[in-house]
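In: Okay, predicted coordinates and the sequence, questions at the end:
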Amino acid sequence: MKSGFEQMKVLVTGAAGGIGSATARLLQQEGARVWGADRAGFSIDGVKAIAADLTRREAIEEILEQMGEVDVAVLNAGISRPGDLGEVKPEDWEAVIGINLSAVFFQLQAAARRMKAKGS
């Protein structure tokens, strides 16, 4: 039975571990052509691994340029900086907001422009 992902071009961010890695593997097994992006290096058979600082707005554009087009974007990259509320440093808070909110918004915006242009 077909999964519906055959030959789809899929971007998975945060693909080096956890949910992102599992998602990239599953989509690859279902026949998708998967590009995985993460700031850390990684290797998954059948997945094109791209090291990227996703807080840089240009990074997502560079990845999408390599892909040519995108059918599905799984924007999974995220970080946490646990600690006591009174002890959280401003730079830690800004890092969390930078990757978990701002970067995801700009990734979605860039991917959506490409998807809309191809009618998906």
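Out: Arrived safely. Numbering: from 1, shown residues only.
In: What segments of this protein are strands?
Out: Assigned by DSSP state E, the chain shows strands spanning 9-13, 33-38, 47-51, 72-75.
In: Low-confidence stretches in the protein?
Out: 1 (pLDDT under 70).
In: Contacts only, for the residue nearest the centre of the chain.
Out: Residue closest to the mean C-alpha point of the chain, counted by CA atoms, centre = their mean, is residue 13 at 1.6 Å. Contact analysis of residue 13 by CB atoms under 8 Å, 6 or more residues apart in numbering lists 20, 36-38, 54, 73-77, 107. Every residue, glycine included, has its C-beta placed from N, CA and C.
In: tell me the two of the residues you listed that are most distant?
Out: 38 and 73 (14.4 Å; CB to CB).
In: rewinding a little: ok, the residue nearest to the centre of the chain to residue 30 distance?
Out: 18 Å (CB to CB, to the nearest Å).
In: Cheers, nothing more for now.
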